[in-house]
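Undergrad: how would this look folded up:
(chains A and B)
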Amino acid sequence: MTASYVPQGEHRRKASTLASSLSPAMLGRAARDAVVKLDPRKLTGNPVIFATWIVALLASASTVAEIMAGHDWGFEIQIALWLWATVLFANLAESVAEGRGKAAADSLRATRVTTKAKLIVDPVTGTIVPTPAHKLGVGEIVLVEAGDVIPADGEIIEGVASVNEAAITGESAPVIRESGGDRSAVTGGTTVVSDWLKIRITSEAGNTFLDRMIAMVEGADRRKTPNEIALAVLLAGLTLIFLIAVATLLGLGKYSGIVLPPMVLGALFITLIPTTIGGLLSAVGIAGMDRLLKVNVLATSGRAVEAAGDVDTLLLDKTGTITFGNRMATEVIAAPGMRQEIVMRATLMASLGDETPEGRSIVDLARSQGLELEAPEGATLIPFSATTRQSGLDADGQSWRKGAVDAVIRSLDLKPEQIPADLSAAVDRIARSGGTPLAVSENGVLVGVIHLKDVVKPNVKERFADLRRMGLRTVMITGDNPVTAAAIASEAGVDDFLAEATPEDKLRLIREEQAKGRLVAMCGDGANDAPALAQSDVGVAMQTGAQAAREAGNMVDLDSDPTKVIEIVEVGKQMLITRGALTTFSIANDVAKYFAIIPAMFVTALPALGALNVMNLHSPESAILSAVIFNALIIVALIPLALRGVRYRAVGAAKLLSRNLLIYGLGGLIAPFIGIKLIDMIVSGLGLA
Amino acid sequence: MTWQGWAEIALTLAVAIGLGWPLGVYMSRVWNGERTWLDPVFKPVERLVYAGCGVDATKSQTWFSYAAALLAFNAVGFFLVYAIIRLQGVLPLNPQEFAGVSEHLAFNTAVSFVTNTNWQSYGGESTMSHFSQMAALTVQNFVSAATGAAIAAALARAFIAHRGEGVGNFWADLVRTTLYVLLPCSIVLALVLVALGVPQTLQASALATTVEGADQKMSLFAVASQLAIKQLGINGGGIFNVNSAHPFENPNPLTNFLTAVSINVLGWAAFFAFGRSALAGKDIRALVMAAAILLSAGATGIYLAETQPAPALVAAGVDASQNMEGKEVRFGAAATAAWAAQTTGASNGSVNGMHGSFMPLGGGIAMFLMMLGEILPGGIGSGIAIMVVMALLAVFIAGLMVGRTPEYLGKKVEAKEIKLAMLAVLVVPLSMLGFSAIAAILPEALKGLLNHGPHGLSEILYAYVSTTANNGSAFAGLTANAPWWNTTLGLAMLMGRFVPIIAVLAIAGSLVAKPKLAPSAGTLPTDSGQFVGLLVGVILILGGLQFFPALALGPIVEHFQVLTTLAAR
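TA: Residues are numbered from 1 along each chain as shown, chains lettered A, B, ... in the order given. Prediction:
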């Protein structure tokens, strides 16, 4: 992996490019969609809401019958309307969640290519035929020049150009794309800013990265995830159980001399079945994908987001993720008897002509100590060469050199005993700590040693500590030797490291972890990362990376920020927690509903059961109506939570569970007692029942 | 309420759990095929049985062939029992010359003993010959208990496998549990009971002269041996009509204590055995805790209810310090409450008092403990198996709240397991409430009721709850020996037994193939007090939500009516 990553934190700047927040227009569209979704064919995938739909229909029919028969129908029509409202609110939750994706999809669609592509029909003469982008076939070659939009995904076969990929990534700074290597993939919809490229088309129209992206953010491609399916099974099972509990009341009630109107039984059934989680389930899933989109990560499936919550082991490349990627000078150690300022000055002189990141870091270090110098007029730069392994500057008859310690010592012709002991000790210390020592000489005299260090990014240690509390093990992957790797690993606080790693080592490590029953996440951008990305459970490919990597992973990070994988894990966990919290809340709610409806149903025939009316609700009708209203309104009240997600805290499973059980379990037990009582006061106050 | 009463309840529960632990370790060794100190005695017998039946007991079966073997064995058992009790009139060992029983009673009784329910629509001493008792019913008391244990053994194996296939061998589990566990335990208990005065004879009856000077013929039998397996096998079918309230089945407080403890001891043992065999001792101790908490709460509730004054006696203006109706003065309220909770929490069903004469809430709690699915600790093996199903549901409902897809004991809980778990859970209200709702409006069924109003409804509910839960205790008051009752109660027993068994074995089949996951700090801990609380909550809420409306119309309304009557005075 090479280091052309956006520095940490910078992606937040563009966070809103794809996933815009809620606007009135979006809400309007969501409301319209919610009505369209009343079509029962669209509800068959959701057994709970489908059951509600059927009962609402029956309640409406029963209301009409009451009206025709000339009976009182005020109570019936209110129940029927609130049942329809329940279905509508569930639909609304889903459409609001989809709305954000749809808005993002619209803006992506606008970038689709409408101009004609320059198809090269004869590679020898270079004859060009203008062809509409959607007619291009796989394997055909097109020419794209400055100002042109790339017509489809492809592989560069010739040329170097800067490409503006803002349409996909939201990042307006152009990136360099060239043939060969890991930078040869281009994406349809992006624009060539300078120079030209010859591109071989790799995907057909309708199946380009942009098309897939649109489908994903729109949710058209959304299939239920395994956990969502399992939850739907549980909810369907609970619905059946409550169907049994309510239907058998016909017989048991008749024995007890109680007449149970179908409307009341229907109301009891709907309030008992888990309509809250049933109505919000798909919204939670869509919102999870949406939150990923907000951090500019595109998941190829909801399954991948779910798997992210389960990840046990995180493989992180050292370079760019844990360290800045370049070694930096952190200190200069003077030889015994030399003054620090003199040595610092010599070090700076030796580095003035060095344009490598290491050289620049020495200049920066000197500047931070208040030392700023220009190279003297007529100075001769001595560039680094593989034979001398040192570089420096000659001016006014003086010379300064810096380079590998053994190379400098050899060129100075020093015998081991001539090297000051303090300096040898410093060199040893630097090497042991994983750093690189460089020797500095001035006019043929060894004056000091520079400590070059692979600098760990700020805050990574805290993040890894968070990950450990979440139950994740971090493994650092690096090409460094084991000594250097161990030093950086301990400084960054990772749990383990793989030194001198080849792509095959990486793949083997993933397989070993998986064999131990762990789920592995990693990120990568090179073509040689592709097998490991495909093998890992959550593989995050960098948008700037090779086409092979992007296809092998199940997520693409548009910011190409390898630290993003941590956020992805958090989003995955958040989605699962939200689902669990709403399920628990929904089931806990039923206790209060029983205390509202059971006494109301039976109290006329069995007055002793009035004792169960602990909420002291106004009348049987108002009790039943209030329970139904609460049941409908709670869906609306929880839409924001479903979209935003329950906040995830890295505190470990037991604490997290205690906290959420308290809020959503106990809260779910208590909240409806208060809610139903308040609604009952309003309903009876307004004389509705 | 007295402190002696509380101490007796606590001691009964604690001794059962305390003895269950070491017995569970032993049971686990038996399931795992490890060496036991009884090998010299039973190994040759075991080999002989396998050789005689031509089975290869070393071959691990898939869940499907395991379930097929189990069902085939139970089907054969059913037909044998049916044939013997229909034909007992012409079979030997029939000193009282009982005739063969009717078709519907034979169906009901055969189902009842094969399913480990031991619901009795008949009075034992006046219906069954000695041969029927021994060759048909007692045999089933052993093998039906071993059948339950087998499913727990299979499920435990599924949890330790890593992408495995087989869940063990049904024949080995059946034979080994019967030979190494049930037989020796029963022999020991029977000998102790004989020493304490329980009869053990093949003599038909003893003659006695009553205080009024009349002659009375008292039925006798090999009571001690049958009583031992009746309790230990969590069967519950009495030799005598009044079950463990009969002086020959339960002569004194010491036999009462011993037999009460033995109701649950092997049920708890199966919990510990499961934990050891599934290499999840700590996690299963959490399940033991949850079951013990619920059972103690049940016993406490019944004791509180049964030490209330009896409303009818209060109304009559006589001394009614506590409700002694239907209780033996030999035992008193505390021993009866402990027994009632133990017998309904386990799927035993033997009684030492009449549940129908309990206070409404006392009877209601007994009913509710059975509605929870017989997991406190339930039958041998079948109890822990269903408890694990409840743990799967608890993990699934709340486990998501730690931000991982649910897993239990290192196995992911996914759609297939939830589907099967819901099947196991769903059949319970379907049978309990479904049959009750029909019976409640069917004149044919209502003829069997003794009482009307809410108490009559409780009689109906209790019958179907008891049979579906494979408990077998009766509420008294219901005359069940009639075609409608015998047939539908038989169906309820079949549904309540075999649907969950097949579901559990299918879950085992699904889990066995899954990779065994390593736990991490992010995994939901399932061995903590927190999980115990969660599980108790899920069991109570799921059970309560299903049955609250029905209970409201039976025991709950009766309770409030009693309160109202008492307050009116």
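Undergrad: contacting residues around B:G353?
TA: By C-beta atoms under 8 Å, 6 or more residues apart in numbering or on different chains, the contact list for B:G353 reads B:245, B:326-328, B:331, B:336, B:339-340. All C-beta spots, glycine's among them, are computed from the backbone N, C-alpha and C.
Undergrad: do you know the pLDDT at it?
TA: pLDDT for B:G353: 86.
Undergrad: bridged to it, which residues?
TA: B:K327 (DSSP bridges).
Undergrad: that older thread, just put the contacts of B:G353 in JSON lines and tack on neighbour count.
TA: Output for the contacts of B:G353, formatted as JSON lines (neighbours: other C-beta atoms under 10 Å in any protein chain shown):
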{"residue": "B:A245", "neighbour count": "23"}
{"residue": "B:G326", "neighbour count": "18"}
{"residue": "B:K327", "neighbour count": "22"}
{"residue": "B:E328", "neighbour count": "20"}
{"residue": "B:F331", "neighbour count": "23"}
{"residue": "B:T336", "neighbour count": "28"}
{"residue": "B:W339", "neighbour count": "28"}
{"residue": "B:A340", "neighbour count": "28"}
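Undergrad: which one of these is nearest A:M542?
TA: Nearest to A:M542 among the contacts of B:G353 is B:A340, at 67.4 Å by C-beta to C-beta.
Undergrad: closest one to B:A567 out of the contacts of B:G353, please.
TA: The nearest member of the contacts of B:G353 to B:A567, counting by C-beta to C-beta, is B:G326 at 24.1 Å.
Undergrad: my read: the closest one touches B:M359, true?
TA: No. Between B:G326 and B:M359 no contact is recorded; they are 10.4 Å apart, counting by C-beta atoms under 8 Å.
Undergrad: list the contacts for residue 26?
TA: Using chain A here. Contacts for A:M26 (C-beta under 8 Å, 6+ apart) come out as A:96, A:99-100, A:103.
Undergrad: let me rephrase: I mean chain B.
TA: B:36, B:181, B:269, B:273.
Undergrad: swap in B:G275?
TA: Taking C-beta under 8 Å, 6+ apart, we find B:G275 in contact with B:24, B:28, B:281-285, B:287.
Undergrad: just to revisit the earlier point, among the contacts of B:Y26, which one has the most neighbours?
TA: When neighbours are counted by other C-beta atoms under 10 Å in any protein chain shown, B:A273 leads the contacts of B:Y26 with 33 neighbours.
Undergrad: helix or strand for it, which one?
TA: Using DSSP states H and E, B:A273 falls within helix B:253-277.
Undergrad: so for that helix, what gets flagged as buried?
TA: Applying a neighbour-count criterion of 16 or more other C-beta atoms under 10 Å in any protein chain shown, one finds B:255-277 buried in helix B:253-277.
Undergrad: ok, stretch B:101-112 next?
TA: B:101-102, B:104-112.
Undergrad: and stretch A:582-591 with chain B, contact?
TA: Yes. Counting by C-beta under 8 Å from any C-beta of the partner chain, chain B is contacted by stretch A:582-591 at A:583-584, A:587-588, A:590-591.
Undergrad: that stretch - what's its average pLDDT?
TA: Mean pLDDT, computed over stretch A:582-591, is 93.
Undergrad: can you give the contact residues for it?
TA: A:231, A:234-235, A:238, A:271-272, A:274-278, A:280-281, A:284, A:631, A:634, A:638, A:641-642, A:660-661, A:664-669, A:671-672, B:397-398, B:400-401, B:541, B:544-545.
Undergrad: next: stretch A:479-494.
TA: So stretch A:479-494 is contacted by A:316, A:318, A:322-323, A:431-435, A:454, A:456, A:460-461, A:464-465, A:474-476, A:478, A:496-501 (C-beta under 8 Å, 6+ apart).
Undergrad: repeat that with 7 Å
TA: With contact meaning C-beta atoms under 7 Å, 6 or more residues apart in numbering or on different chains, stretch A:479-494 is reached by A:318, A:322-323, A:432-434, A:454, A:456, A:460-461, A:464-465, A:474-476, A:478, A:497, A:499-501.
Undergrad: likewise stretch A:541-557?
TA: Under C-beta under 7 Å, 6+ apart, the answer for stretch A:541-557 is A:4, A:155, A:168-169, A:175, A:182, A:185, A:202, A:296-301, A:304, A:523-527, A:529-530, A:533-534, A:538-540, A:558, A:560, A:564, A:568.
Undergrad: so which of the contacts of B:G275 comes closest to A:N613?
TA: Set against A:N613, the nearest of these by C-beta to C-beta is B:L287 (36.4 Å).
Undergrad: for that closest one, which non-adjacent residue is spatially closest?
TA: Nearest residue to B:L287, sequence neighbours excluded (C-beta to C-beta, 6 or more residues apart in numbering or on different chains): B:M387, at 5.2 Å.
Undergrad: let me know the angle separating whatever helix or strand the one you found lives in from helix B:253-277.
TA: Using DSSP H and E, B:M387 maps to helix B:382-399. Comparing the axes of helix B:382-399 and helix B:253-277 via axes from the mean of the first three to the mean of the last three C-alpha atoms, to 10 degrees yields an angle of 60 degrees.
Undergrad: gap between helix B:382-399 and the chain center?
TA: Mean-position distance between helix B:382-399 and its chain equals 18 Å (C-alpha atoms, centre = their mean, to the nearest Å).
Undergrad: after that helix, next one along is what?
TA: Counting by DSSP H and E, what follows helix B:382-399 is strand B:407-408.
Undergrad: now do that next one: which elements does it pack against?
TA: helix B:382-399 (3 or more C-beta pairs under 7 Å, 6 or more residues apart in numbering or on different chains; DSSP states H and E).
Undergrad: alpha carbons only: can I get the helix it packs on in PDB?
TA: Written as PDB, here are the backbone C-alpha positions of helix B:382-399 (Å, rounded to 0.1, in the frame of the first residue of the first chain):
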ATOM      1  CA  SER B 382     -36.400 -32.000  28.100                       C
ATOM      2  CA  GLY B 383     -36.300 -29.200  30.800                       C
ATOM      3  CA  ILE B 384     -32.800 -28.000  30.100                       C
ATOM      4  CA  ALA B 385     -33.400 -28.400  26.300                       C
ATOM      5  CA  ILE B 386     -36.400 -26.000  26.400                       C
ATOM      6  CA  MET B 387     -34.500 -23.700  28.800                       C
ATOM      7  CA  VAL B 388     -31.700 -23.500  26.200                       C
ATOM      8  CA  VAL B 389     -34.400 -22.600  23.700                       C
ATOM      9  CA  MET B 390     -35.500 -19.800  26.000                       C
ATOM     10  CA  ALA B 391     -31.900 -18.700  26.400                       C
ATOM     11  CA  LEU B 392     -31.600 -18.600  22.600                       C
ATOM     12  CA  LEU B 393     -34.700 -16.300  22.400                       C
ATOM     13  CA  ALA B 394     -33.400 -14.100  25.200                       C
ATOM     14  CA  VAL B 395     -30.100 -13.800  23.500                       C
ATOM     15  CA  PHE B 396     -31.800 -13.000  20.300                       C
ATOM     16  CA  ILE B 397     -34.200 -10.400  21.600                       C
ATOM     17  CA  ALA B 398     -31.900  -8.500  23.900                       C
ATOM     18  CA  GLY B 399     -28.500  -9.700  22.700                       C
END
